[in-house]
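Enquirer: I need the structure of the sequence given here:
(one chain, ligands or ions: 1)
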Amino acid sequence: MSKYINSIFFLIALFSGLVANAQNEVYTSEAKQAIADTVFVNLKDFSQDFIYDMKYATDDNFLKAKVYDCAECFLRYKTVQALIAANNDFKKKGYKIKLYDCYRPLSIQKKMWEIVSNPEYVADPKKGSIHNRGGAVDISLVDKNGKEVDMGTPFDFFGIQASHNYTKLSNEVKSNRKLLKKVMIKNGFNSFDSEWWHYNLKTGLKDKVSNQKWNCE
Ligand SMILES: [Zn+2]
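Expert: Numbering: from 1, shown residues only. This is a model prediction of the structure:
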């Protein structure tokens, strides 16, 4: 009889060991499920520290049309990581990044190109913009009071005054643009000569162009 009980105990012990192992297995494999660098993700799922002013989700833009159903900032995961690192640097200096545009479906790029067929301001959809690849952001900075700093021109100002090479600007504007550029470059982005607001993730230049639209809930 006692031999029989011992066997039962042995089986229970074995069974619970298996369950524990099975649970460990599941836990381990979940922990290993890292997000791939090139997966498109929503910035707000990774940080709440950005200011949103998504112009193409309103009609306050050069298209004079609301072309996004909702204001979301989708980017490839590696772009999100670099942007959060840049924002952390800005926060230490009393600023936060304000977003105007992030990933942009290729169909929207075509609409933009129809209105402004000038590669200094809008990328030719045949080549595709880095926005279409999930590696570009259009941004500015806000100060501690949530006020946007003076960058000299509004976003999407298609003129020489928006260029990094334009020098007839106040010292304040120059220093704001310089700060934006310095921190973005430190965090893996390239600036774009004709637009102070546009930054490309250096490792995102060759990713695939996408036309996927995000879901709005
Ligand atoms: Zn841009």
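
Enquirer: The lowest-mean-pLDDT helix or strand in the chain: what's the following helix or strand?
Expert: None of the helices or strands of the chain scores lower by mean pLDDT, DSSP states H and E than helix 2-32, at a mean of 46. In the C-terminal direction, the helix or strand that comes right after helix 2-32 (DSSP states H and E) is strand 40-42.

Enquirer: What average pLDDT does that next one get?
Expert: Strand 40-42 shows a mean pLDDT of 96.

Enquirer: now do stretch 136-147
Expert: Mean per-residue pLDDT for stretch 136-147: 97.

Enquirer: Which residue, other than its chain neighbours, is closest to the residue of the chain found nearest the ion?
Expert: As assessed by Cβ to the ion, the ion sits closest to His198 within the chain, at 3.6 Å. Heads up, the C-betas are built off the backbone N, CA and C, glycines and all. Counting by Cβ to Cβ, 6 or more residues apart in numbering, the nearest residue to His198 once its immediate chain neighbours are dropped is Phe192, at 4.2 Å.

Enquirer: before we move on, back to that, who does the residue of the chain closest to the ion form a beta bridge with?
Expert: On DSSP bridges, the residues paired with His198 through beta bridges are Asp138.

Enquirer: Could I get the full set of strands for the chain?
Expert: Counting by DSSP state E, the chain has strands at residues 40-42, 51-52, 74-76, 96-101, 136-142, 189-192, 195-201.

Enquirer: Let me have those strands in CSV, extended by mean neighbour count and distance to Asp124.
Expert: Conversion of the strands of the chain to CSV gives the following (neighbours: other Cβ atoms under 10 Å; distance: least, Cβ to Cβ, whole Å):
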stretch, mean neighbour count, distance to Asp124
strand 40-42, 17, 23
strand 51-52, 14, 28
strand 74-76, 24, 21
strand 96-101, 21, 17
strand 136-142, 24, 15
strand 189-192, 20, 15
strand 195-201, 24, 15
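
Enquirer: looking at those strands, which is closest to Thr153?
Expert: Minimum separation from Thr153 across the strands of the chain (Cβ to Cβ) falls at strand 195-201, 7.4 Å.

Enquirer: Can you pull out the residues in contact with the closest one?
Expert: Around strand 195-201, the neighbours that count as contacts under Cβ atoms under 8 Å, 6 or more residues apart in numbering are 76, 78-79, 82, 100, 121, 130, 135-140, 151-153, 155-156, 162-164, 177, 180-181, 184, 188-192.

Enquirer: quick one: Gly134 and Ile108, what's the gap?
Expert: Using Cβ to Cβ, to the nearest Å, one obtains 13 Å as the distance from Gly134 to Ile108.

Enquirer: of those two, who's got more company?
Expert: Taking other Cβ atoms under 10 Å, Gly134 and Ile108 do not tie; Gly134 has more neighbours (28 against 22).

Enquirer: Check whether the more buried one really touches Ser210, as I assumed.
Expert: Yes: applying Cβ atoms under 8 Å, one finds Gly134 in contact with Ser210, separated by 6.7 Å.

Enquirer: overlap in contacts of these two?
Expert: If you check Gly134 and Ser210 against Cβ under 8 Å, 6+ apart, the residues they both contact are 40, 103.

Enquirer: This structure against the ion: which residues are in contact?
Expert: Taking Cβ under 5 Å from the ion, the part of the chain that reaches the ion is made up of 138, 198.
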